[in-house]
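> my questions are about this predicted structure, shown below with the sequence.
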Amino acid sequence: MANQILKPHYSTVVIGGGQAGLSASHYLKAHGLDHVVFEKKTVAHKWKNERWDAFCLVTPNWQCQLPDHPYDGADPHGFMVKDEILAYVDRFVAKVDAPVFEQTTVATLERYGDLFRIETSAGTVTANSVVIATSLYADPTIPRAAERLPEDILQMHSAAYRNAGQLPEGGVIVVGSGQSGCQIAEDLHLAGRKVHLVTGNAPRCARFYRGRDVVDWLSDIGQYDITVEHDGMTKKKHDTNHYLTGRDGGRDIDLRKFALEGMVLYGRMSGVAGGKMLFEQNLKANLDGADRVYNGINALIDRHIAEKNIKGPAGSVYTPLWAPETEIAELDLKAAGVSSVIWATGFTPDWSFVGLPIFDGNAYPVHRRGVTAVDGVYVLGLPWLWTWGSGRFLSVGKDAEHVVGHLAARLLAQAPSLKQAVNA
């Protein structure tokens, strides 16, 4: 990253120094546009500081397609582990060499005549355009019910979890069955801990089916090319990711199998009272819903294979290995020997600094492929910004290329007036 002195004006300010912001910087450089990147913490902070020790990619390595930085290792169909991911990201960071101000908080983004005014902890600048690349994962979310847990229970968010050894002896409750929750529950389970998993409505997906990684099949079918503008796809931006894992070469995550091995499963948490955690009676519905998605994806692959007359292993339908005989309504934490709770309950975005009318009634940015209704303001790095791969290594670069292309064309069209504004 280049060292520099903060200037009073830039053609573009990028807010966020993760993979989305750095991808934007890559294309801004390609267009010859002067810019600066403001990063609240450090570049690629979440990859380096908010992943557990056994973390690995869920999608195969070949989907790592950052700008001018595709995966070039020896195992394209494998799944990079944490150290390999960090090395891949570090090489990208060095290649981009973005003009980044780290440990710099943006306090205000607002209109300033025909420009934008950005107030930061490093100083105030103006810009002709702004790319907001702060993602949906700014701040860990922990429900207020956590405040009612006994004081001797260790609590942490999934972002702080590293391994089973950092937890005291005793049982562990993992709240949340998305990708992080299921993988952390598995990590603890493999370490021999007594795990209680509080489920939600996250879907699941097979790792391999009919002789190939499901991701490879879905890529062939064209699922990664479907955009949010296809019928019914706009709701995808709020969908929970499917749970599966790339660990040890990749496998399914089957919560029913975990239950047979001693993991205790519950429906969604409804509250905490009197030293007990309370649950909704929807465990069966959660498991059945995840399996419907699992079988539905496999059926989609079956149709593709039949239509293309592809030869290979026969298809199958998943049948439950286990089902709850009763639904557990409450758990007395002390009686169950629970010593720790891990909140795999997601994150919330932080757009509090944005003083511009770019949001809908749910405080979500309104845009079309990153281009907002406020001329000169863009968003980048959001899930389903345009396709399934948006916000991830697969397609964040494509989205950044589109956003910066639109931005550059706008600046070129306004060049005479912009020159006057900058020199004023």
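It's in.
> and the helices in this structure?
19-30, 45-49, 82-96, 179-190, 214-221, 255-260, 283-308, 396-413, 415-423 (DSSP state H).
> low pLDDT regions in the stretch 201-350 of the chain?
231-232, 236-237 (pLDDT under 70).
> hang on, the earlier thing: take the helices of the chain and write them to TSV, including distance to L356.
Backbone N, C-alpha and C define where each C-beta goes, glycine included. TSV is the format used below for these (distance: least, Cβ to Cβ, whole Å):
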stretch	distance to L356
helix 19-30	18
helix 45-49	25
helix 82-96	27
helix 179-190	32
helix 214-221	36
helix 255-260	43
helix 283-308	37
helix 396-413	16
helix 415-423	18
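> for these, give me TSV that also has mean neighbour count.
TSV is the format used below for the helices of the chain (neighbours: other Cβ atoms under 10 Å):
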stretch	mean neighbour count
helix 19-30	26
helix 45-49	15
helix 82-96	17
helix 179-190	23
helix 214-221	19
helix 255-260	17
helix 283-308	17
helix 396-413	20
helix 415-423	12
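> what comes up buried for stretch 136-151?
L136, Y137, P140, I142, A146, L149 (16 or more other Cβ atoms under 10 Å).
> tell me the mean pLDDT over that stretch?
Averaging pLDDT along stretch 136-151 gives 95.
> I'd assumed P143 was in contact with W343.
Yes: between W343 and P143 there is a contact at 7.5 Å, judged by Cβ atoms under 8 Å.
> okay, now the domains of this structure?
The chain breaks down by automatic domain parsing into domains covering 9-138+349-423, 140-343.
> okay, stretch 51-64 in CSV with CA atoms only?
Provided in CSV are the C-alpha atoms of stretch 51-64 (Å, rounded to 0.1, in the frame of the first residue of the first chain):
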residue,chain,number,x,y,z
ARG,A,51,-11.9,-16.3,11.4
TRP,A,52,-11.4,-19.4,13.5
ASP,A,53,-8.2,-21.5,13.2
ALA,A,54,-9.8,-24.3,11.2
PHE,A,55,-11.6,-21.9,8.8
CYS,A,56,-11.5,-22.8,5.1
LEU,A,57,-13.2,-21.8,2.0
VAL,A,58,-16.7,-23.2,1.4
THR,A,59,-16.4,-22.7,-2.4
PRO,A,60,-13.7,-24.4,-4.4
ASN,A,61,-10.4,-22.5,-5.0
TRP,A,62,-11.1,-21.9,-8.8
GLN,A,63,-13.8,-19.5,-7.7
CYS,A,64,-11.2,-17.1,-6.3
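> buried sites along it?
51-52, 54-64.
> now render those as CSV, adding pLDDT and distance to K257.
As requested, the buried residues of stretch 51-64 are exported to CSV (pLDDT from 0 to 100; distance: Cβ to Cβ, whole Å):
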residue, pLDDT, distance to K257
R51, 97, 25
W52, 98, 21
A54, 98, 18
F55, 98, 21
C56, 98, 20
L57, 98, 22
V58, 98, 18
T59, 97, 22
P60, 98, 23
N61, 98, 26
W62, 98, 28
Q63, 98, 26
C64, 98, 29
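> I'd like these as JSON lines, with distance to E307 appended.
Compiled in JSON lines, the buried residues of stretch 51-64 are given as follows (distance: Cβ to Cβ, whole Å):
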{"residue": "R51", "distance to E307": "39"}
{"residue": "W52", "distance to E307": "41"}
{"residue": "A54", "distance to E307": "39"}
{"residue": "F55", "distance to E307": "37"}
{"residue": "C56", "distance to E307": "33"}
{"residue": "L57", "distance to E307": "30"}
{"residue": "V58", "distance to E307": "27"}
{"residue": "T59", "distance to E307": "25"}
{"residue": "P60", "distance to E307": "24"}
{"residue": "N61", "distance to E307": "28"}
{"residue": "W62", "distance to E307": "24"}
{"residue": "Q63", "distance to E307": "24"}
{"residue": "C64", "distance to E307": "30"}
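> for the residues you listed, which two are the farthest from each other?
Spatially, the most separated pair among these is W52 and W62, at 23.8 Å (Cβ to Cβ).
> pLDDT below threshold where in the stretch 1-150 of the chain?
In the stretch 1-150 of the chain (pLDDT under 70), the answer is 1-3.
> now with 50?
The stretch 1-150 of the chain contains residues with pLDDT under 50 at 2.
> can you give me the strands in it?
9-15, 35-38, 65-66, 69-70, 100-101, 106-112, 115-120, 123-132, 139-140 (DSSP state E, counting those that start in this stretch).
> I'd like to know which elements the third one is packed against.
For strand 65-66, the elements it packs on are helix 396-413, judged by 3 or more Cβ pairs under 8 Å, 6 or more residues apart in numbering; DSSP states H and E.
> cool, thanks, talk later.
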